[in-house]
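Asks: I would like to see how this sequence folds:
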Amino acid sequence: VRFTKAQYSGTEAKGFVLVALELVGGTSAKPFDVTVTPSEELPVTAEGGVDFNTTPLTATFGSEMTMSSVSVPVLADDIVEGNESFKITLSLPASIKNGIKVPNSEGTASITITDSTMIRVRFTEAQYSGTEATGFVLVTLELVDGTSSNPFNVTVTPSEESSLSAEGGVDFI
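Replies: Residues are numbered from 1 along each chain as shown. As a prediction, the model looks like this:
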């Protein structure tokens, strides 16, 4: 038995990542279960119990089946933290190990959780003013939605509108 891929991914917003398993080299006349365990085994950037559920999951291979799957729960939050990953490990109960194996290189996979948290910022004022003598106008922004555990940049680009008297390249850059 092995994972069909070494890397799976999904979004926080979806709430789970579908992980496929396959029985290679034949079928089993009897149904059997395998266990998929999410873990914080290194390298990992996601936190168990915060970003993903650490409860072991059961995948069932029915009689004569070669494919099975489990839905690995991922937990949404409202923190912008970028993509995070964790490992999953495949194991067999002792009662069925006779004749069925998990190759070492195919008994682990990783899951990347794509951060779906959005941040919204806005200007604190509808209009700003300054003097040519100071050489700048202080523009302030505020965070409206979301939080971030990491610093982030916001680009503010001055523009000309036909109703304004300032000219780009002359009055501002």
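
Asks: Do a quick rundown of the helices in the protein.
Replies: Counting by DSSP state H, the chain yields no residue ranges for helices.

Asks: pLDDT-wise, which helix or strand of it ranks last?
Replies: Least confident helix or strand, the chain: strand 147-148 with a mean of 66, by mean pLDDT, DSSP states H and E.

Asks: Now do the same contact list for the residue nearest to the spatial centre of the chain.
Replies: Taking CA atoms, centre = their mean, the centroid of the chain lies closest to Ile113, which sits 1.8 Å from it. Contact analysis of Ile113 by CB atoms under 8 Å, 6 or more residues apart in numbering lists 9-12, 17, 46, 51-52, 74, 83-86. Where C-beta positions appear, they are placed from N, C-alpha and C, glycine not excepted.

Asks: what's across from it in the sheet?
Replies: Listed beta-bridge partners, Ile113: Gly10, Glu84 (assigned using DSSP bridges).

Asks: Check what pLDDT the residue located most distally from the centre of the chain gets.
Replies: In the chain, counting by CA atoms, centre = their mean, Ala133 sits farthest out from the average C-alpha position, at 48.1 Å. Looking at Ala133, its pLDDT stands at 84.

Asks: gap between it and Asp33?
Replies: Note on Ala133: its distance to Asp33, by CB to CB, to the nearest Å, is 77 Å.

Asks: Can you report how many residues neighbour Ser9?
Replies: With neighbours defined by other CB atoms under 10 Å, the count for Ser9 comes to 13.

Asks: residues in contact with the residue lying closest to it once chain neighbours are set aside?
Replies: In space, and not counting its chain neighbours, Ser9 is closest to Thr112: 4.3 Å by CB to CB, 6 or more residues apart in numbering. By CB under 8 Å, 6+ apart, the contact set of Thr112 is Gln7, Tyr8, Ser9, Gly10, Asn83, Glu84, Ser85.

Asks: Sweet, I'm off.
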